[in-house]
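*Asks:* Just to be clear, the model below is a prediction. Sequence and coordinates:
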Amino acid sequence: MYEWLTEPRIAWFLFGLALMLGEVLMPGIVLLFFGVGAWTVVISLTIIPFGLTMQLTLFIIASFAFLALFRSRVEALFRSKGLHLNNSSTSLQHETVGQEVDVVEAITPPHPGRVLLHGTLWQAKATEFIPVGSRVRIIRQEVLLLTVKRLP
């Protein structure tokens with residue numbers, strides 16, 4: 001009755017679809033690329049059938065390749081349209097906003113730089129150029145991106 005579910009192409013297609021729909025529930029532009037990786041396996045199986053080990057290997061390689069190559073471009077597209085991936089408030093956000101940190105990689109708008117917060121590097125953006133070694137105050141946190149302002 002459900003023999004069609006044992007067809008690898010259908011299983012990979014449904015898995016990819018589930019991952020892409022999961023992106024709606026957990027925005028972050030990661031699951032989308034794993035869904036594309038699953039669909040890459042579907043296309044490859046259509047061309048040439050191969051075993052499960054090779055399917056899993058292709059899925060992992062394709063997913064991480066798409067993630068590495070296209071995530072920043074897709075994020076930039078969302079930001080240019082005024083969409084936010086996730087800006088829910090967290091307890092960590094309340095701890096970080098208002099803190100003073102050091103710039104360890106220059107911030108050159110529109111490109112983010114890096115700051116050191118509690119021994120960890122964070123991406124940070126600002127409305128003005130801020131050189132390495134400057135002291136800044138965190139004024140906002142959007143997931144893993146901090147918005148900072150140079151201290152007077």
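*Replies:* Ah, there it is.
*Asks:* For this structure, just list every one of the strands.
*Replies:* For the chain, the strands defined by DSSP state E occupy 100-105, 113-117, 120-125, 135-142, 145-150.
*Asks:* With mean neighbour count, distance to G37 and mean pLDDT as new columns, can these be given to me in TSV?
*Replies:* Where you see a C-beta, it was placed from the backbone N, CA and C, and this is true even at glycine. Output for the strands of the chain, formatted as TSV (neighbours: other CB atoms under 10 Å; distance: least, CB to CB, whole Å; pLDDT from 0 to 100):
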stretch	mean neighbour count	distance to G37	mean pLDDT
strand 100-105	16	30	95
strand 113-117	20	29	93
strand 120-125	16	25	93
strand 135-142	17	26	93
strand 145-150	19	25	94
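*Asks:* the longest helix in the chain is where?
*Replies:* Among the segments of the chain that qualify as a helix by DSSP state H, the longest is helix 52-80.
*Asks:* Mind listing what's buried along it?
*Replies:* For helix 52-80, a neighbour-count test (16 or more other CB atoms under 10 Å) marks Q55, L58, F59, A62, S63, F66, L67 as buried.
*Asks:* any idea how far R150 is from T53?
*Replies:* Applying CB to CB, to the nearest Å, the value for T53 to R150 is 53 Å.
*Asks:* Quick check: which ranges of the protein have low pLDDT?
*Replies:* For the chain, the stretches flagged by pLDDT under 70 are 1-2, 4-5, 27, 81-94.
*Asks:* And it, what are its domain boundaries?
*Replies:* Following automatic domain parsing, one finds the domains of the chain at 3-80, 91-150.
*Asks:* quick one: L116 and V101 touch, right?
*Replies:* Yes - when contacts are counted by CB atoms under 8 Å, L116 is listed as touching V101 (5.9 Å).
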